[in-house]
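Undergrad: show me the folded form of this:
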Amino acid sequence: MAIHVSALERYEAGSSLIHKADARVKLPVTVAYIFAVTLTPVGHWLALALMAAPLPVAILLGRLSPLLVLRRSALALPFILAAVPLMFTKEGETLFTLPPFGWDASRQGLVAVITILTKSWLSVTAAVVLTATTSAVDLVRALRSLAVPRILVATVSFMYRYIFVIGEEALRLMRARDSRSANVEGRKSGGTAWWRAGIIGNMAGSLFLRSYERSERVYAAMQARGYDGEPRFLWNPPWRAAEITLGVFVALYAAGIQVYAHY
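TA: Numbers count the residues shown, from 1 in each chain. I've put the predicted structure just below:
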């Protein structure tokens, strides 16, 4: 069952150029890229294609499986559900009419929906490449080095560290429930849906209490060791001019596309 918990890990260990790159460069470049994608005008397909061009290069340099990236980037698909109503609410040339309701889908609405889906997919893919080639510790170190407030950095760090602990605790609760549940052949085990909901609620409450008690013990232990709220690391790698230059180039590339797209 530990496999299900370890599946939460996004980092794919490797020794590629992207893996070795400084997280303090990769993180702001990825954020700038996502902002640039978001600002791309609706229906400007050439600009979106130019924005998409660096992603295959990053995947290739990071030696990532295209299937892995594609599977994780599928997270962007639900965004299309929120955008679908635009097809019927945005005014424009009518493409078709939805028979049961008589709703008219416009060409401009379809363009808006496809644009939103494309932007979402590009942004999620960029985040997937970042998290797959950068360890959580390096990301946290980069956040603090880039002057992100320490309370936010500490929150992210603890969330990452203890989500696996809480996951293991939840698995233990599930194993305990299964070991106490009889499954009679030919009969449905358990009670009604309401009864099952009550059991799940009790398990969730127990998990919350255990997590809260653990957090109190951990915080007391940290205070006893001099914790003052500032995340500290054993070392910080030196800045490298080549990586900074490459990061600036990517940022200027995205900025240039936006200037072209808007003017």
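Undergrad: what's the closest non-adjacent residue to residue 83?
TA: What sits nearest to residue 83 in space, not counting adjacent residues and going by CB to CB, 6 or more residues apart in numbering, is residue 116, at 4.3 Å. Placement of C-beta: from N, CA and C, glycine included.
Undergrad: ugh, wrong one, I meant residue 122
TA: If you skip the residues right next to it in sequence, residue 122 has residue 37 as its closest partner in space, 4.9 Å away by CB to CB, 6+ apart.
Undergrad: swap in residue 260?
TA: Take residue 260 and drop its neighbours on the chain: the residue closest to it by CB to CB, 6+ apart is residue 47, 6.7 Å away.
Undergrad: which elements pack onto the helix or strand that neighbour falls within?
TA: Secondary-structure assignment from DSSP states H and E places residue 47 in helix 45-52. Judged by 3 or more CB pairs under 8 Å, 6 or more residues apart in numbering; DSSP states H and E, helix 45-52 is in contact with helix 23-39, helix 107-133, helix 241-262.
Undergrad: and the shortest one with helix 107-133, angle?
TA: Read it as helix 23-39. In this structure, helix 23-39 runs at an angle of 170 degrees to helix 107-133, with axes from the mean of the first three to the mean of the last three CA atoms, to 10 degrees as the basis.
Undergrad: and the gap between the closest residue to residue 63 other than its chain neighbours and residue 93?
TA: Nearest residue to residue 63 in three dimensions, chain neighbours excluded: residue 16, at 4.4 Å (CB to CB, 6+ apart). For residue 16, the distance to residue 93 equals 47 Å [CB to CB, to the nearest Å].
Undergrad: equivalent analysis for residue 219, please.
TA: The gap separating residue 219 from residue 93 is 61 Å, by CB to CB.
Undergrad: any regions of the stretch 1-150 of the chain where pLDDT drops low?
TA: Applying pLDDT under 70 to the stretch 1-150 of the chain picks out residues 1-9, 101.
Undergrad: switch the cut-off to 80
TA: Within the stretch 1-150 of the chain, the segments meeting pLDDT under 80 span 1-11, 13-14, 75-105.
Undergrad: repeat for the stretch 151-263 of the chain
TA: Scanning the stretch 151-263 of the chain for pLDDT under 80 picks out 177-193, 195-196, 199, 228-237.
Undergrad: for stretch 20-28, which positions count as buried?
TA: By neighbour count, with 16 or more other CB atoms under 10 Å as the criterion, the buried positions of stretch 20-28 are 21-27.
Undergrad: any idea how far the closest residue to residue 27 other than its chain neighbours is from residue 66?
TA: In space, not counting the residues next to it along the chain, residue 27 is nearest to residue 142; the distance is 4.7 Å by CB to CB, 6+ apart. Shown here: residue 142 relative to residue 66, a distance of 26 Å by CB to CB.
Undergrad: neighbour count: the two, which is higher?
TA: Neighbours per residue (other CB atoms under 10 Å) separate residue 142 from residue 66, with residue 142 holding more: 20 against 10.
Undergrad: quick one: neighbours of the residue nearest to residue 63, just the number.
TA: The burial count assigned to residue 16 is 15, neighbours taken as other CB under 10 Å.
Undergrad: I figured it hits residue 133, correct?
TA: Yes: at 7.0 Å, residue 16 counts as touching residue 133 under the criterion of CB atoms under 8 Å.
Undergrad: who touches both of the two?
TA: Listed contacts common to residue 16 and residue 133 are residue 62; contacts here mean CB atoms under 8 Å, 6 or more residues apart in numbering.
Undergrad: show me the protein divided up by domain.
TA: Taking automatic domain parsing as the reference, the chain has its domains at 15-134+247-262, 148-180+192-232.
Undergrad: columns distance to residue 239 on top of those domains, output as TSV?
TA: TSV is the format used below for these (distance: least, CB to CB, whole Å):
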stretch	distance to residue 239
domain 15-134+247-262	7
domain 148-180+192-232	17
